[in-house]
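Asks: Okay, sequence plus prediction incoming.
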Amino acid sequence: MARSSQTIRDLNDRFRKGDPAIPGQILVTPGAQALIADQGDADCNSVLAEVRRFDTFNTDNDPYGEHDFGAFEFLGKRLFWKLDYYAPDMLHGSEDPADTAQTVRILTIMLVEEY
C-alpha cells in the first residue's frame, strides 16, 4: 500500500471514529434522516456508532485501502456511508487528501437507494 493511501486511511479512520482534530462534517441524506427520525434521537447515536465501529473492509468495498466506504444494516434497511475529500473552500476536491490543511472530509450516511 502506498504511503499516501496509508495516511489517508488513518485520517479517515480517525475522522470516522470522532477525532475532532480531523476537519470535516457528517451529512445524513433525507431518506436516512427519515429512518432515524422514526426511531428517536437515541437511534441517531446508534447509526453513528455503526459507522464508527465498521471494520469489514475488503477488496470489494475498499479497493484502494483508504477506508472511505462502508455498508451496514439498520432497522431492516441497508445503509451506506461514504467519505469524500474537499478543499477547505468546499468549492472543489482536495488536491491532497493526505494533508489535513488542504482537506475537509465529508462523511455522508445514506440509504442504499439514495446512492
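Replies: Good, I have the coordinates. Numbers count the residues shown, from 1 in each chain.

Asks: Return the residues in contact with residue 54.
Replies: With contact taken as CB atoms under 8 Å, 6 or more residues apart in numbering, residue 54 is in contact with 16, 70, 72, 81. To be clear about C-beta, it is placed using only N, CA and C from the backbone, and glycine gets the same treatment.

Asks: what helix or strand is the second one on?
Replies: Right, residue 70. Element membership for residue 70, per DSSP states H and E: strand 69-74.

Asks: Next, the buried residues of the next helix or strand after that strand.
Replies: Following strand 69-74 in sequence order, the next helix or strand is strand 77-86 (DSSP H and E). Residues 79-81, 83-86 are the ones in strand 77-86 that count as buried (16 or more other CB atoms under 10 Å).

Asks: Also stretch 25-34?
Replies: 26, 28-29, 31-33.

Asks: contact partners of that stretch?
Replies: Residues contacting stretch 25-34 (CB under 8 Å, 6+ apart): 36, 47-48, 79, 104-111, 113-114.

Asks: Got a quick ChimeraX command for the buried subset of those?
Replies: Buried residues among the contacts of stretch 25-34 (16+ other CB under 10 Å), as a ChimeraX selection:
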select :36,47,48,79,104,105,106,107,108,109,110,111
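
Asks: now for the contacts of stretch 25-34, which pair is the farthest apart?
Replies: 104 and 113 (26.8 Å; CB to CB).

Asks: For the residue nearest to residue 70 when sequence neighbours are not counted, give me the pLDDT.
Replies: Distances taken as CB to CB, 6 or more residues apart in numbering place residue 54 nearest to residue 70, at 4.1 Å, with adjacent residues excluded. pLDDT, residue 54: 97.

Asks: And residue 54, how close does it get to residue 68?
Replies: Going from residue 54 to residue 68 by CB to CB, to the nearest Å gives 11 Å.
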